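Student: Could you look at this predicted model? Sequence included:
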Amino acid sequence: MKKIALLSNVNIDPLENYLNVDSLYSLYFGGYNQWQTELVKPDSGLSAFKPDLVFIYLNAELLKSYHADLFSSVEIFNNYQPDTQFIIANISLPPYRITTYLNDFNFFDKQINEDLVALATDKKNIFILDFNRLINFHGYDSLFDEKYWYIGGIKLSGKGFKILANELKNLLKAILGETKKLLIVDLDNTLWGGIVGEDGWKNLQLSDQGIGQIYVDFQKKLKILSKHGILLATCSKNNEQDVREVFKSNKNMQLDWDDFVIHKINWQQKSQNVLEIASKLNIGLDSIVLIDDNPVERELLINNIPELTVPEFPADISRLNRWFITDVVYPYFSKVNLTTDDVDKANQYKRNFKRELEKVKLNFDDFIRQLDIRINVNQLDQDASFQRVAQLAQKTNQFNLSLKRYTENDINKHVREESYLVFTCTYEDKFGYEGVVGCAIIQLDGKKAIIDSFMMSCRVLCRNVEFEFLSKIIDKLKDLEVLEIEALYCPTKKNKMVADFFKTFGFEMKNNNLYIKQI
């Protein structure tokens, strides 16, 4: 359970009621207006709590003399707890002034926010919660209510706390890598207006004006999402040839057939199609979001596949694009960074489909030889990018021996520690380069090495890559004069496929899924 601390110059204790309804986090609230003391005193309650992440919200009206203090206080805390990450809300003054129309505007809030962006750009452990965006979207009066300010030091309204909590949860999921992988979309009256089987591809609502423009804009957003590493698939009760004609002939289509990694266009139950999509892509059902305009289909899917996320579709189609961003993208597909692996995600799955086609033509040994697999195992250093390694640690479920979840900051910490080694495995075959597909975190204890984590991307499973990866790691440990390797397998519903991995590799099971190997 991640430990989250919350600091402010006003009372934000009510945030707990909205933020932790599912008890996902261990929370610590700093004392009223004690945010700076909490950060700079080594013996503060915050320091004793040892947070994984600190959220700071400072009300702008009380902030005028705190500009430099904010940044220096964060730096001081990071000096003695360098593995802590920060989320800092940007600020905005109230949209009214006692000086009315006099030309004496004070732009200190603009300067603070610019400096905050510069700080977050320079420090990879600092993230910005765009509170100004919330004010612009919901309105200042919706977020603030001074009714309780003079008796309880509370500036935000009940609605304000709820909105802030939702935004903070979305950002936390993005930082911790707890977002979804795949978006499945229906077609008729979802990707376009109308029913292709009845209206024909020429008469669908897709245009540069009116209702047709709503669907065009929606497709543009899906296109952007796919370029940011989110997989797209279709699931529709239709004749496939009719749908193909839309993609081929309708010039207003913004999406191409190949923008989707898989199409399920037939007349069978959608729940069956979703199960087949998840199986084909080797993706957990809890990593999938499905958008469908039909309430009956949505209800069937929810009942048949409880793990699937099926958001309500807007009753007013004019709200489609706003709804998609606020109710789908932010809660389920938020990102704080973009890796080269994200950009190439769809192509990676398409290359995998080609491998599967070749696999069925050959026996296993011939298939492996034909692939011409080349892997490289390297030790991660402090100059490396930790984003992809953190993604593996956060999202890999099936081939993940310990199921420990690590952020970029966690990986960076282990790389800096002399008692830890972090190894990565890159993969390439005749179909293309897949980048980093494996990660192992090893703790050294004298002549013993402890496998803290060992994980492989599902894209390369069942090609003996995991055995080659571990074999190369053992060779490197031998060079360090390690005599014994200890490893723990933590069984879950999702990683049953690796239950015998260590045993197959010659490890001896002692007890409680603890494995030992002499080298």
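Tutor: Everything's here; your move.
Student: Only alpha carbons, please: show stretch 17-33 as CSV.
Tutor: Provided in CSV are the C-alpha atoms of stretch 17-33 (Å, rounded to 0.1, in the frame of the first residue of the first chain):
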residue,chain,number,x,y,z
ASN,A,17,-13.5,11.3,2.8
TYR,A,18,-13.3,11.5,-1.0
LEU,A,19,-9.8,10.3,-1.7
ASN,A,20,-9.6,7.0,0.1
VAL,A,21,-13.0,5.5,0.0
ASP,A,22,-11.5,2.2,-1.3
SER,A,23,-8.7,2.2,1.3
LEU,A,24,-6.1,2.1,-1.5
TYR,A,25,-3.6,4.3,0.3
SER,A,26,-2.1,4.9,3.7
LEU,A,27,-2.7,8.6,4.3
TYR,A,28,-1.0,11.2,6.5
PHE,A,29,-2.3,14.8,6.8
GLY,A,30,0.1,17.4,8.0
GLY,A,31,-1.0,19.9,10.7
TYR,A,32,-3.0,23.0,9.8
ASN,A,33,-0.7,25.4,8.0
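Student: If we go by neighbour counts, what in it is buried?
Tutor: In terms of neighbour count (16 or more other C-beta atoms under 10 Å), stretch 17-33 has its buried residues at 18-19, 24-25, 27-30, 33. Where you see a C-beta, it was placed from the backbone N, CA and C, and this is true even at glycine.
Student: And the residues you listed, which two are furthest apart?
Tutor: Greatest spatial distance among these (C-beta to C-beta): L24 and N33, at 27.2 Å.
Student: quick one: strands adjacent to the longest strand along the chain?
Tutor: Criterion DSSP state E: the longest strand present in the chain is strand 432-445. Sheet pairing here is set by DSSP bridges, and for strand 432-445 it gives strand 420-429 (antiparallel), strand 448-456 (antiparallel).
Student: Just say which of these is most tucked in.
Tutor: strand 448-456 (a mean of 22; mean count of other C-beta atoms under 10 Å).
Student: Contacts for the next helix or strand after it, please.
Tutor: The helix or strand immediately downstream of strand 448-456 is helix 465-479, counting by DSSP states H and E. Contacts with helix 465-479, where a contact means C-beta atoms under 8 Å, 6 or more residues apart in numbering, come from 373, 375, 377, 379, 399, 421, 423, 425, 427, 437-438, 440, 442, 449, 454, 456, 485, 501, 504-505, 519.
Student: cool, stretch 286-306 as well?
Tutor: Outside stretch 286-306, the residues within contact range by C-beta under 8 Å, 6+ apart are 180-186, 188-190, 235, 269-271, 274-275, 277-278, 285, 307-313, 324, 328, 332-333, 395.
Student: For this structure, give me the ranges with low pLDDT.
Tutor: Applying pLDDT under 70 to the chain picks out residues 64-68, 104-106, 382-385.
Student: the domain parsing of it - what is it?
Tutor: Using automatic domain parsing, the domain parsing of the chain gives 2-175, 182-332, 362-518.
Student: Go through the ones you listed and name the closest to K354.
Tutor: Nearest to K354 among the domains of the chain is domain 362-518 (5.6 Å), distances taken as C-beta to C-beta.
Student: Take the strands paired with strand 432-445 and lay them out in a markdown table including distance to N11.
Tutor: Formatted as a markdown table, the strands paired with strand 432-445 follow (distance: least, C-beta to C-beta, whole Å):
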| stretch | distance to N11 |
| --- | --- |
| strand 420-429 | 41 |
| strand 448-456 | 40 |
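Student: for F507, what are its contacts?
Tutor: Going by C-beta under 8 Å, 6+ apart, the list of residues near F507 reads 485, 487, 515-517.
Student: Quick check: of the residues you listed, which lies closest to E358?
Tutor: Of all the contacts of F507, E358 sits closest to A487, with 33.1 Å by C-beta to C-beta.
Student: Which helix or strand contains that closest one?
Tutor: strand 484-488.
Student: Return the alpha-carbon coordinates of the helix or strand that comes right after that strand using CSV.
Tutor: The C-terminal neighbour of strand 484-488 among helices and strands, as given by DSSP H and E, is helix 501-504. In CSV, the C-alpha atoms belonging to helix 501-504 read as follows (Å, rounded to 0.1, in the frame of the first residue of the first chain):
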residue,chain,number,x,y,z
PHE,A,501,9.6,-21.5,-13.4
PHE,A,502,12.3,-21.7,-10.8
LYS,A,503,11.8,-25.4,-10.4
THR,A,504,12.2,-25.9,-14.1
